[in-house]
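K.L.:
Got a sequence here, can you model it:
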Amino acid sequence: MSSLPPLVDPVGELSKDEVARYSRHLIIPDVGMDGQKRLKNARVLVIGAGGLGSPTLLYLAAAGVGTIGIVEFDVVDESNLQRQVIHGQSDIGKSKALSAAESIAEINPFVTVNLHEQRLEPEDAVELFAQYDLILDGTDNFATRYLVNDAAVLAHKPYVWGSIYRFEGQASVFWEDAPDGRGLNYRDLYPQAPPPGMVPSCAEGGVLGILCASIGSIMGTEAIKLITGIGEPLLGRLMVYDALDMTYRTIKIRKDPDAEPITGLIDYDDFCGVVSTDAAEAADGSTLTAAELKARLDSGDPIELIDVREPVEWDIVHIDGATLIPKDEILSGAALDKLPHDRPTVLYCKSGVRSAEALAALKRAGFADAMHLQGGVLSWVSQIEPELPVY
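P.N.:
Numbering: from 1, shown residues only. All right, here's what the predicted structure looks like:
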C-alpha cells in the first residue's frame, strides 16, 4: 500500500505569523510549506464535540486546519469533564459546539469554525458533507455511524472513524471513492448493526477518559495524512487498541462482494433499533413511571423490585428495597429461581433499555405480571429522589 494523493490543494501563502506558529511542521520534509498550505486550505467536519471530538478538534486546530465544522446539539454536563477535555467547569450547561469553538479560538485564532448546532439527520446530511473535504466521525451510537457512512458515500467524501469502550478503542478510514480500487465503507466492516442491547453504550458501560486522547489523536493524525497525502492511511485496515495490554494491532478490511450499493438514506433508528422487538412488545402495557412505582411502594403493594444493572452501578446509586440481579443472569435463566411467583416483579436499570430486554426474558419464562421502570434509575432520581447521585 502507498500514500493516497493529497486530498486538498495548497493555499496561496502563509503569513509571517503562520510561519512562526507552524515552524515545527514546516521543518519536517514530508510536511513543509506545501503540506501546511494544504492544511490551511482544508475544510474538515467533525461529528460530535464529546469524548473523541474533543482531542481531535483541539489538535486539528493546533495543526492549522483552516476551516473546522462542528456538528453538536448537546450541552456540557459535569459527567463529560472526565474525558471531554475541550470543555471546562465554567462550560457546564453551555452548548458543546459553542464551548468547543471558544477553546479552538484560544488555541489558534487563524482557524475558522462553523457551528452546526443540530442533530445530524438524513434530510440534510449529504448536503452538509458536500461543503467539506473530509469528515471525522466521533459519535457513540450505531444509528449515527451508519448515517455518517451512507451520507459520506453519497457525498463522495472520505471519513475517519473512531470508537471507544471501557479500555479499548478502534479507528479506521473509509472512502468508497478512493483511487486505485481501494474504496471501502463502514458496511464492509459491519454490514449490520449488532442486535439491540448487545453492545452497551459508553453511558452504560463506561470509558476510561484518557482512552479518548489515544483514539482521538489517531483520528487527527489520519486526517492530516489524508489532507497532505503523506504516509499510509488506515484505509482498508482496522486499528484496534487495548489500553490495559498496551497493544496496537491492525486487521485488514476487504470490500464485501455481496454488499448492496448505497443509493439513499434510510431510517437509521429503525435500522439499528434501540431495543429489540421482543423487548418493545414486553414493555407495552407493562411499564411503570417513577411516580407510579413510588405510589405502589408507598401503599405497601407487594412487589419484588429488581435492579438489573452491574454491581459497580449499584454501588453508585440504587433504589431502597431493591435486590441486585444483573441482566445477564436473567437472560441466561440462572436467576429465575430467585424470583418470587406470589407477587409482581418490577425491573429497573439505568435508563430502561436493559430492563426492557430482561423483562422480555421474564415474560417468556412465564412471569406474566412482570413490569419495568420507564427511564430507569435516572428517571427515579430526577422525579422522586433528586438528592441521590446520577452517573
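K.L.:
Report the secondary structure state of residue 238.
P.N.:
Counting by DSSP: H, G, I helix; E, B strand; the rest coil, the backbone at residue 238 sits in strand.
K.L.:
The closest residue to residue 204 other than its chain neighbours and residue 308, how far apart?
P.N.:
Spatial nearest neighbour of residue 204, excluding adjacent residues (Cβ to Cβ, 6 or more residues apart in numbering): residue 350 at 5.9 Å. Placement of C-beta: from N, CA and C, glycine included. Between residue 350 and residue 308 the computed distance is 10 Å (Cβ to Cβ, to the nearest Å).
K.L.:
Have a look at these two and say which one is more surrounded.
P.N.:
For residue 350 and residue 308, the more surrounded residue by other Cβ atoms under 10 Å is residue 308, and the numbers stand at 28 against 25.
K.L.:
how deep is the spatially closest residue to the more buried one that is not a sequence neighbour tucked in, by neighbour count?
P.N.:
The shortest distance from residue 308 to any non-neighbouring residue, by Cβ to Cβ, 6+ apart, is to residue 327 (4.2 Å). By other Cβ under 10 Å, the residues close to residue 327 number 23.
K.L.:
ok so, going back, distance of the residue nearest to residue 204 from residue 246?
P.N.:
Applying Cβ to Cβ to residue 350 and residue 246 gives a distance of 30 Å.
K.L.:
got it, and residue 108?
P.N.:
Taking Cβ to Cβ, one finds residue 108 at 31 Å from residue 246.
K.L.:
ok, the two, which is more surrounded?
P.N.:
Shown here are residue 108 and residue 246; by other Cβ under 10 Å, residue 108 has more neighbours (20 against 7).
K.L.:
thought the more buried one was touching residue 66?
P.N.:
No: Residue 108 sits out of contact with residue 66 when judged by Cβ atoms under 8 Å, with a separation of 9.9 Å.
K.L.:
ok, how many other residues are close to residue 32?
P.N.:
13.
K.L.:
which residues touch the closest residue in space to it that isn't next to it in sequence?
P.N.:
Ranked by Cβ to Cβ, 6+ apart and with sequence neighbours excluded, the top spatial neighbour of residue 32 is residue 26, at 6.0 Å. Residue 26 is in contact with 19, 32, 33, 36, counting by Cβ atoms under 8 Å, 6 or more residues apart in numbering.
K.L.:
Can you tell me the SS state at the last one?
P.N.:
Taken by three-state DSSP, the conformation at residue 36 corresponds to helix.
K.L.:
My guess is the residue nearest to residue 308 contacts residue 358. True?
P.N.:
Yes: counting by Cβ under 8 Å, residue 327 does reach residue 358; the two are 4.8 Å apart.
K.L.:
Find residues that contact each of those two.
P.N.:
Common neighbours of residue 327 and residue 358 (Cβ under 8 Å, 6+ apart) are 308, 349.
K.L.:
circling back to that earlier point, mind checking pLDDT for the residue nearest to residue 204?
P.N.:
Looking at residue 350, its pLDDT is 94.
K.L.:
start to end distance for stretch 19-37?
P.N.:
With Cα to Cα, to the nearest Å as the measure, stretch 19-37 spans 10 Å from end to end.
K.L.:
how far is that stretch from where the chain is centred?
P.N.:
33 Å (Cα atoms, centre = their mean, to the nearest Å).
K.L.:
just stretch 162-179 next, same as before
P.N.:
Averaging C-alpha positions (Cα atoms, centre = their mean) puts stretch 162-179 12 Å from its chain's average.
K.L.:
Please apply the same query to stretch 129-140.
P.N.:
14 Å.
K.L.:
This completes my enquiry, with thanks.
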